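>>> Let's see this in three dimensions:
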Amino acid sequence: MSDSTLLLFDLDGTLVDSMSDIHHSANLLLAEYGLDPLGKDQLRPCIGQGVRYLVATMLEAAGWEGGDVDAAIARYRTLYATHALDSTGPYPGVREGLAQLARLPMAVISNKPEAATREILHALDLAQFFRHVAGGDSYPEMKPSPLPLQRVIEAAGADNGHSWMIGDSSYDIEAGKAAGVNTMAVTWGFQPVETLKALKPDRVVSAFDEIVEMLA
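Below you'll find the predicted structure:
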């Protein structure tokens, strides 16, 4: 790997398995609105484009007839802050793999709010590996816009052509391609593998060890 390489990781569905806590918090909110719970498969399409999209689309999916979306978002933020670390943890091999990759500069770019992203990284003892952390509210645009990637690459003094965007969603791959970085799709996350492969990422991996073998 070149000295100008930067590894850009997504968070949810890539480094950490947060589905159960997102799902639980979502259904707590729906219950408060008198709506039936959603299954995880129903919730998956709502995840990945930030908290506003998550709340608006899950309420719609549950049959909400409309109201104050901002109030619903604020309530979801409170519920999720309480439950964000109930069961969320790193995927197998992540902590060990990041330690092996530590000689390379690494960053996290999530569409989750930056404060929540940092809190999870610190709580799970992963923050030590990342020089830069950006969330969905860090810049005027979030993935699939290339803007967050471009800003973080500039801040790191890295080179687009030698850097990698590594994630589990179409938003990661689309953002990476638009930013002119190499793209790597992981198959253990929230989106179907077929969706990712259709975007023709540069690499597709099924275990974190494969990332280490290729990049370490």
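
>>> which residues sit against the helix or strand containing His122?
Using DSSP states H and E, His122 maps to helix 114-123. For helix 114-123, the external contacting residues (CB atoms under 8 Å, 6 or more residues apart in numbering) are 11, 16, 18, 80-81, 84-85, 88, 108, 110, 112, 126-127, 130, 133-138. No exception for glycine: its C-beta is placed from N, CA and C like everyone else's.

>>> swap the cut-off to 6 Å and go again
Leu11, Leu85, Ser110, Ala127, Val133, Gly135, Asp137, Ser138 (CB atoms under 6 Å, 6 or more residues apart in numbering).

>>> By neighbour count, which of the residues you listed wins?
Ser110 (31 neighbours; other CB atoms under 10 Å).

>>> in terms of contact, does that residue touch Thr14 like I think?
No - in this structure Ser110 lies outside contact range of Thr14 using CB atoms under 6 Å: 8.9 Å.

>>> Excluding chain neighbours, give the residue nearest to Arg151 in space.
Excluding its sequence neighbours, the residue lying closest to Arg151 (CB to CB, 6 or more residues apart in numbering) is Tyr139, at 5.7 Å.

>>> and the one you found, how many neighbours?
Neighbours of Tyr139 (other CB under 10 Å): 17.

>>> what's the answer for the one 5 residues further on, then?
Other residues lying near Pro144 total 20 when counted by other CB under 10 Å.

>>> Three-state assignment for it, please.
Under DSSP: H, G, I helix; E, B strand; the rest coil, Pro144 falls in the coil class.

>>> Alright, that wraps it up for me.
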